[in-house]
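Engineer: can you look at this prediction? I've put the sequence above it.
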Amino acid sequence: MAHRETHRVDRIGWLRAAVLGANDGLVSTASLIVGVAAAAASHGEILVAGMAGLAAGAMSMAAGEYVSVSSQSDTEKADLAREASELAGDREAELRELAGIYVGRGVTPELATEVARQMMSHDALGAHARDELGISQITTARPVQAALTSAVTFSAGAALPLIVAAVAPLAGLALWVAGAALIGLAVLGALGARTGGAPIGRSVARVVFWGALAMAITAGVGRLFGVAV
């Protein structure tokens, strides 16, 4: 029977953007709504603020992820171009460099040289990208994927506090939104941990703590500077 293994490292690119986007959408929108509600705003003003926060946040997340991951992609491309030039200029030196990497990982010098020679015969640039630069198919930067994932998941996360704010009574709106947000954060933390294979309890506690802190601070600011109507 074939030996089957399941790894989750190939999910790193989209999982990071998805978890960040959903958590940020939920925390920032819920905090904004709680803060505005604490300032004794009307129901309509609270909803307008929440929808504006969703739109602005989704675009900000998409733009920020795209610019950030594009910078990473540009760096990777520059390093690969430099490595290709070095391979063209002195292939033997690059062979010795690759063999030295394998020796450092515990391979005997003779075998390391033979492995390096065979790897470079198959795909010299790919071998150096993976083993010297640490660039692989799994970790390669994908700006568009990161931007779209962040925007969509931010909007999905922000939808929960907006829906609760729309149906909750004004008198207890802040508590309803905060409670729903904390439950949503716990679910997101558990899903993110399960998808990535990390401990669920620690992930849930982390996102719930920081979400509660963010909402408490914005509620305090809203109460402090708000003007009752």
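Structural biologist: Looks like it came in fine. Numbers count the residues shown, from 1 in each chain.

Engineer: switch to C-alpha atoms for all contacts and neighbour counts from now on
Structural biologist: Fine.

Engineer: any idea which helix or strand comes after the longest helix anywhere in the chain?
Structural biologist: Longest among the helix segments of the chain by residue count, using DSSP state H, is helix 43-89. Counting by DSSP states H and E, the element after helix 43-89 in chain order, helix or strand, is helix 91-104.

Engineer: run the angle between that following helix and helix 43-89 for me.
Structural biologist: Taking axes from the mean of the first three to the mean of the last three C-alpha atoms, to 10 degrees, one finds helix 91-104 and helix 43-89 inclined to each other by 120 degrees.

Engineer: report the buried residues of helix 91-104.
Structural biologist: For helix 91-104, a neighbour-count test (16 or more other C-alpha atoms under 10 Å) marks Glu94, Leu95, Arg96, Glu97, Leu98, Ala99, Gly100, Ile101, Tyr102, Val103 as buried.

Engineer: do the same with stretch 157-174
Structural biologist: For stretch 157-174, a neighbour-count test (16+ other C-alpha under 10 Å) marks 157-162, 164-166, 168, 170, 173-174 as buried.

Engineer: these: which two are farthest apart?
Structural biologist: Maximum pairwise distance among the buried residues of stretch 157-174 (C-alpha to C-alpha): 21.7 Å, between Gly157 and Leu170.

Engineer: report pLDDT for Ile12.
Structural biologist: Here the pLDDT value assigned to Ile12 is 52.

Engineer: show me what the helix or strand bottoming out on mean pLDDT in the chain is packed up against.
Structural biologist: Scoring the helices and strands of the chain by mean pLDDT, DSSP states H and E places helix 12-38 at the bottom, with a mean of 80. For helix 12-38, the elements it packs on are helix 43-89, helix 143-167, helix 173-196, helix 200-225, judged by 3 or more C-alpha pairs under 8 Å, 6 or more residues apart in numbering; DSSP states H and E.

Engineer: now do it and helix 200-225, the angle between them.
Structural biologist: Using the same axes, to 10 degrees: helix 12-38 against helix 200-225 is 30 degrees.

Engineer: what's the angle from helix 12-38 to helix 143-167?
Structural biologist: 30 degrees.
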